[in-house]
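# After the sequence you'll find the predicted model.
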Amino acid sequence: MVQEGYDREATLLRRWSPSARSASPPWAHRAWRAHAGMAFVQLAHGGYNVLTKSVLSVGMNQVVFCVYRDLLACALLAPAAFLTERRVRPPVTPRLIASFALLGFTGLFGNPLLFLVGLRYTNASYASAFQPSIPVFTFLLAAIFGVETIKIFTRDGILKVLGTVVCVSGAILMVLYRGPSLIGLGGTNAGNANDTPYPAQWLTSIMLQYGIETWHLGVLCLIGNCFMVGAYLVIQARVVIEYPASLSLTAYSYFFATLFMVLTALLATNGLDEWALTTTEIIAILYAGIIASCVGYAVITWATKIIGPSLAALYYPLLPACSTFLSTIFLGSPIYIGSIIGGFFIIAGLYLVTWARYNEAKRALTQESYLDPLILEHPPVPKAHESSFGGSIDP
């Protein structure tokens with residue numbers, strides 16, 4: 001009887017192994033694809049940062065850029081969602097419409113706009129230093145709203161918290177410590193954000209009139225930016241349970257975000273001249289709209305459904321590393337030792353969290369559970385147990 005249990009455990013663990021693809025059911029590999037997808041998203045966003053930096057630094061209106069990007073993404077997502085999810089798309093209710101609008105406002109409109117305002121009133125280094133707080137905000141919001149269950153005093157729960165801290169610390173280290181240059185020539189600093197045109201003074205003029213210093217306003221906007229991303233991931237994890245058509249969900253969210261951005265552009269632009277595009281700007285908008293926005297946020301929605309918001313957010317600290325890597329290849333920017341050490345910490349933190357999930361699922365096997373070690377969805381079996389970090393999501 002004991003041997004039979006061991007054989008069954010070994011069989012299930014082989015299911016989770018990437019080397020057993022031919023014998024594993026389709027759901028067993030969705031988690032690995034979700035992890036790979038989130039890594040791809042950060043690489044794509046790193047390319048977005050590198051490509052659009054030259055466009056925005058020469059004077060293109062940032063809100064106009066966002067409008068073109070969102071219009072292109074929405075135009076591609078809408079027909080794709082209509083054709084591919086016709087049979088699985090549930091009916092839209094007023095509550096879902098409100099949820100779509102909230103998702104568009106938090107993650108696709110408020111997130112980039114607050115970052116632009118915060119960047120204007122602080123500087124690029126200070127703005128980058130806030131981005132690693134995204135996993136922390138997501139972790140806290142997911143726990144507060146019950147999206148994910150967290151048993152912090154268990155061994156695996158402690159490993160997950162430790163992994164989150166290590167991951168965030170690595171990203172902060174990359175921002176605050178440079179060290180000697182290992183690849184390329186040092187000494188070239190990024191342009192100050194204050195040198196770029198700022199089209200949205202109307203958003204901050206009221207607050208400045210009440211005596212709030214510009215630096216403090218910039219800090220508040222950067223904190224709001226990170227909070228918006230965390231809220232977007234957590235809200236999305238809730239909505240995708242009720243509306244499992246992830247591509248359609250992203251398309252609806254982008255529709256509302258585009259409406260918000262167009263209304264903002266009407267207040268932030270001063271004439272039709274700002275809407276004219278050069279060839280370089282068109283290329284940047286195509287990449288931003290198709291790869292970074294359309295593909296990127298579709299993957300984020302799908303991956304959050306599978307691995308949960310907290311684990312998906314842990315991939316955001318990879319963005320500085322991806323941007324540094326791509327800047328070195330395409331722009332000749334130097335790689336500093338601080339970037340290498342910080343990247344090591346980020347990977348180590350991700351490993352700790354995923355390893356804790358694997359141990360958690362392995363232990364659950366002894367309790368008659370079939371839970372996948374890196375997945376939040378329960379496979380199609382009669383009985384499943386919650387994990388200590390994310391078993392409450394069951395689309």
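Everything's here; your move.
# just the helices in the stretch 1-150 of the chain please.
Ranges of helices in the stretch 1-150 of the chain, per DSSP state H, counting those that start in this stretch, are 2-16, 30-57, 62-84, 94-103, 111-121, 124-130, 134-144.
# Would you report the backbone torsion angles of residue 315?
phi -80, psi -10 (degrees, to the nearest 10).
# and it, how many neighbours?
24 (other CB atoms under 10 Å). Quick note: C-beta positions are derived from backbone N, CA and C, even for glycine.
# Next, the angle helix 134-144 makes with the strand or helix carrying residue 228.
Using DSSP states H and E, residue 228 sits within helix 214-242. Taking axes from the mean of the first three to the mean of the last three CA atoms, to 10 degrees, helix 214-242 and helix 134-144 form an angle of 50 degrees between their directions.
# so how far is helix 214-242 off the chain centroid?
From the chain centre to the centre of helix 214-242 is a distance of 11 Å (CA atoms, centre = their mean, to the nearest Å).
# Put the alpha carbons of whichever helix or strand comes after it into CSV.
Remark: after helix 214-242, the chain's next helix or strand is helix 246-268, criterion DSSP H and E. Taking C-alpha atoms only, helix 246-268 is exported to CSV below (Å, rounded to 0.1, in the frame of the first residue of the first chain):
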residue,chain,number,x,y,z
SER,A,246,-9.0,36.6,-21.1
LEU,A,247,-8.4,38.1,-24.5
SER,A,248,-11.9,39.7,-24.6
LEU,A,249,-11.3,40.9,-21.0
THR,A,250,-8.1,42.7,-22.2
ALA,A,251,-9.8,44.1,-25.3
TYR,A,252,-12.6,45.6,-23.2
SER,A,253,-10.1,47.0,-20.7
TYR,A,254,-8.2,48.6,-23.5
PHE,A,255,-11.4,50.1,-25.0
PHE,A,256,-12.0,52.0,-21.8
ALA,A,257,-8.4,53.0,-21.3
THR,A,258,-8.4,54.4,-24.9
LEU,A,259,-11.5,56.5,-24.1
PHE,A,260,-9.8,57.9,-20.9
MET,A,261,-6.5,58.6,-22.8
VAL,A,262,-8.3,60.3,-25.7
LEU,A,263,-10.2,62.6,-23.3
THR,A,264,-6.8,63.4,-21.6
ALA,A,265,-5.2,64.1,-25.0
LEU,A,266,-7.9,66.7,-25.8
LEU,A,267,-6.9,68.6,-22.7
ALA,A,268,-3.2,68.0,-23.0
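# Can you tell me which helices and strands helix 246-268 packs against?
Packing partners of helix 246-268 (3 or more CB pairs under 8 Å, 6 or more residues apart in numbering; DSSP states H and E): helix 62-84, helix 94-103, helix 214-242, helix 296-307.
# Moving C-terminal from it, which element do we reach first?
Following helix 246-268 in sequence, per DSSP H and E, is helix 279-287.
# Would you mark the buried spots in that following helix?
Across helix 279-287, burial judged by 16 or more other CB atoms under 10 Å covers 281, 284-285, 287.
# got it, and stretch 64-75?
Quick answer for stretch 64-75 (16+ other CB under 10 Å): 64-74.
# can you put the helices and strands packed on helix 246-268 in JSON lines and add mean pLDDT and distance to residue 117?
Formatted as JSON lines, the helices and strands packed on helix 246-268 follow (pLDDT from 0 to 100; distance: least, CB to CB, whole Å):
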{"stretch": "helix 62-84", "mean pLDDT": "92", "distance to residue 117": "10"}
{"stretch": "helix 94-103", "mean pLDDT": "95", "distance to residue 117": "20"}
{"stretch": "helix 214-242", "mean pLDDT": "87", "distance to residue 117": "4"}
{"stretch": "helix 296-307", "mean pLDDT": "91", "distance to residue 117": "21"}
